[in-house]
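Participant: would you be able to build a 3D model of this:
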Amino acid sequence: MKGGVVFDTRDNEPNPGRGLWAEVILIGAPKLTSSMDQGFLKLAITYRQYFTLVKDKLTFAYRLAFQSTIAGYAPTYVQQLMYYSRMVGAYNEGLGGAKTIRGIKRNRLVGDGWVLGNFELRWKFVKFHWIKQNWYLALSGFFDTGRVIKYIDVKDKVESANIVYPPGEKEADYFNFGNESFHNSAGGGLHIAMNQNFIIAIDYGMALNKQDGNSGLYVGLNFLF
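Facilitator: Here you go, the predicted structure:
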């Protein structure tokens, strides 16, 4: 079950030039509706804001998000799900991948609570009329970041499992306990828009730490947020 509140003052939904979108959501799975030993309750907060730097040309946009279990026990298979007031894609999974931290492997960061930030400059550099439709091309530059802030305890389980590692390798080659920090990526994109509301998006992001992956190329619809 999901419920919450949304506050929206954007001037344009596909690519806003000003305004904000804020939402606070509670997601609950009561024990009596499932076969789980106990249910869980998660809190998800998302804040997006948009600023026009040059009228109808250059926009700065950012998104801040927080999600955490606040009661009960959330099973492993729901920890990677991103909860919003409405679905905006075929899947909502992270952190990492096309919808959260571009360039970092999808589901690279999994925890009982996390924070996320996306910061993006958008420049409409060409406008034209073709096949009786209005078009524009836009370039974007972005910086994405996120980290786990509420951990799932696996250290004791790993150390008590008596894992036999391949010759010449050890636990530290696979696990880095207690060393969580922000995971960052940066990149750019090209957006092809028809009549303001149909947008083909091509984004390329690079992970800034090799433990998070190398890079990713993403082709889809619409700006990330």
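
Participant: and the pLDDT at the spatially closest residue to Gly3 that is not a sequence neighbour?
Facilitator: Nearest residue to Gly3 in three dimensions, chain neighbours excluded: Leu26, at 5.8 Å (C-beta to C-beta, 6 or more residues apart in numbering). Backbone N, C-alpha and C define where each C-beta goes, glycine included. On pLDDT, Leu26 comes in at 97.

Participant: give the burial count for Leu26, as a bare number.
Facilitator: By the criterion of other C-beta atoms under 10 Å, Leu26 has 15 neighbours.

Participant: doesn't it lie inside a strand?
Facilitator: Yes: residue assignment for Leu26, taken from DSSP: H, G, I helix; E, B strand; the rest coil, places it within a strand.

Participant: contacts for stretch 192-199, please.
Facilitator: 12-15, 133-138, 191, 200, 221-223 (C-beta atoms under 8 Å, 6 or more residues apart in numbering).

Participant: separate out the buried members of those.
Facilitator: Asn15, Trp135, Tyr136, Ala138, His191, Asn222, Phe223 (16 or more other C-beta atoms under 10 Å).

Participant: quick one: contacts for the residue nearest the centre of the chain?
Facilitator: For the chain, the residue sitting closest to the mean C-alpha position, by C-alpha atoms, centre = their mean, is Thr100 at 2.0 Å. Going by C-beta under 8 Å, 6+ apart, Thr100 touches Met82, Gly94, Leu116, Asn118, Asp144, Gly146.

Participant: let's see it at 7 Å
Facilitator: Met82, Gly94, Leu116, Gly146 (C-beta atoms under 7 Å, 6 or more residues apart in numbering).

Participant: Asp212: which of the contacts of stretch 192-199 is nearest?
Facilitator: Using C-beta to C-beta, Phe223 comes nearest to Asp212 of the contacts of stretch 192-199, at 22.8 Å.

Participant: Asn15 is in contact with the closest one, correct?
Facilitator: Yes: counting by C-beta atoms under 7 Å, Phe223 touches Asn15, with 5.7 Å between them.

Participant: secondary structure element holding the residue nearest to the centre of the chain?
Facilitator: Assigned by DSSP states H and E, Thr100 belongs to no helix or strand.

Participant: torsion angles phi and psi at it?
Facilitator: phi -130, psi -70 (degrees, to the nearest 10).
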